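> structure for the following, please:
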Amino acid sequence: MRVHVRLKGSIMEQVSVNLSHGGTQSVFTHQSEATGTPMTFSAFVPAHERGARLPVIWYLSGLTCSHANVTEKGEFRRLCAQLGLIFIAPDTSPRGDGVADDDAYDFGKGAGFYVDATQEPWRRHYQMRRYIENELPDLVAGHLPVDMDRQGITGHSMGGHGALTIALRNPGRFRSVSAFSPIVSPIHCPWGEKALGGYLGADRDAWRTYDACALIEDGARLPDLLVDQGEADNFLESQLKTHLLTELCEKVGQPANIRMQPGYDHSYYFISTFMDDHLRWHAERLGKSAR
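A predicted model of the protein is given here:
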């Protein structure tokens, strides 16, 4: 069943809905002003009393992913239902005909890096920062029973980079911030150098607003931070470089619980293992839902 909901001049279409743990798991599409394309996101809303407003967790996905990866493999719904948390998972890039792309997996579609591109041919559609920071929250707040005073954000890999940088750029918006195997300093890794150079151009000073370590060096802070990183992650040394964040947080006094997990890799087997820890950590900081 497809349901159309008109919101502030735009139409949000519910393309699927399933009952899960007493709540509803939906997938929505809408036409985005930021990207100029249709965008898709998933939303789990636990059972709640009429009129209640629930805290919300934003989950940003990694390279090659869409909203579907965590929705299908993240194993978050049982605990979200118990804790009264709404869980929102947007796509990682604009898609569709006419959207610029690249043959490589780490650039173009599925690899938006949560930036607002300034370079051709990317800048027309690749406005993921504006989409995630402004447009999608406004859309969700107008339709779903979210308490926008109780927001948390998390993500995986490229999405961990997105979660950290969005939270650091928007002090006070998020009561809780966490990440699974984040790219902590895109300025200092091949994925980041390729993406930021391609989307933003050669001026590396313009990259700093999209680098968690650079933002912290420049004075941005979080209330606290939870990070889980698998020690058997094959991207750890070359791309993720968790030690840079650990050392910097210790140096500047940024509260952080950065946990290295022996034997775990970069996959959703790792993410789903520690999802409950992250959800409980967020729930403690977001407060009990008023159900």
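> the most centrally placed residue in the chain pairs with what?
If you average the C-alpha coordinates of the chain and look for the closest C-alpha using CA atoms, centre = their mean, you land on L60, 2.0 Å from that point. With DSSP bridges applied, L60 shows beta-bridge pairing to G155.
> any idea how far it is from R50?
When distance is defined by CB to CB, to the nearest Å, L60 is 30 Å away from R50. Every C-beta, even on glycine, is put in place using the N, C-alpha and C of the backbone.
> from A163, how far out is W58?
Remark: distance between W58 and A163 (CB to CB) = 7 Å.
> of those two, who's got more company?
Set side by side, W58 and A163 show unequal neighbour counts under other CB atoms under 10 Å, the larger going to A163 at 28 against 25.
> distance check, that one against E135.
In this structure, A163 lies at 17 Å from E135, with CB to CB as the measure.
> can you give me the strands for the stretch 1-150 of the chain?
Counting by DSSP state E, counting those that start in this stretch, one finds strands in the stretch 1-150 of the chain at the ranges 3-7, 10-20, 23-31, 38-45, 54-60, 86-90, 146-155.
> quick one, which of those gets closest to G108.
Taking CB to CB as the measure, the strands of the stretch 1-150 of the chain were each checked against G108, and strand 38-45 came out nearest at 15.9 Å.
> residues in contact with that closest one?
Residues external to strand 38-45 that are found in contact with it (CB atoms under 8 Å, 6 or more residues apart in numbering): 15, 20, 23-32, 54, 66-68, 71, 76-77, 80, 86-91, 94-96, 131, 136, 140, 144-145.
> quick check: ChimeraX command selecting the buried ones in those residues.
One line in ChimeraX is enough to select the buried members of the contacts of strand 38-45, burial here meaning 16 or more other CB atoms under 10 Å:
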select :23,24,25,26,27,28,29,30,32,54,66,67,71,76,77,80,86,87,88,89,90,91,94,95,131,136,140,144,145
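> next one: stretch 69-79 to chain centre, how far?
When C-alpha coordinates are averaged (CA atoms, centre = their mean, to the nearest Å), stretch 69-79 and its chain have centres 14 Å apart.
> list the buried ones in that stretch?
Within stretch 69-79, the residues that count as buried by 16+ other CB under 10 Å are N69, V70, T71, G74, F76, R77, L79.
> show the contacting residues for the third one.
Yep, that's T71 we're talking about. Applying CB under 8 Å, 6+ apart to T71 gives the contacts Q25, V27, S42, F44, A89.
> which residues pair with the second one across the strands?
Under the criterion DSSP bridges, V27 forms beta bridges with S16, S42.
> of the strands of the stretch 1-150 of the chain, which is nearest F180?
Taking CB to CB as the criterion, F180 comes closest to strand 146-155 out of the strands of the stretch 1-150 of the chain, the separation being 7.2 Å.
> need the residues touching each of W58 and A163.
Counting by CB under 8 Å, 6+ apart, the common neighbours of W58 and A163 are I153, T154, G155.
> does the residue nearest to the centre of the chain touch G160 like I think?
Yes - the pair L60 and G160 passes the contact test of CB atoms under 8 Å, sitting 7.5 Å apart.
> got any residues that touch both of those two?
By CB under 8 Å, 6+ apart, L60 and G160 have these common neighbours: T154.
> can you show me the helices along the stretch 101-250 of the chain?
All helices of the stretch 101-250 of the chain, identified by DSSP state H, counting those that start in this stretch, fall at 128-130, 136-141, 158-169, 190-200, 212-217, 242-252.
> now distance to V115 too, for those, in JSON lines please.
Converted to JSON lines, the helices of the stretch 101-250 of the chain look like this (distance: least, CB to CB, whole Å):
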{"stretch": "helix 128-130", "distance to V115": "6"}
{"stretch": "helix 136-141", "distance to V115": "15"}
{"stretch": "helix 158-169", "distance to V115": "9"}
{"stretch": "helix 190-200", "distance to V115": "5"}
{"stretch": "helix 212-217", "distance to V115": "13"}
{"stretch": "helix 242-252", "distance to V115": "19"}
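> quick one: closest of these to G110.
Short answer: helix 158-169, nearest of those by CB to CB, at 9.3 Å.
> have a look at this structure and report its longest helix.
Longest helix of the chain, by residue count under DSSP state H: helix 268-286.
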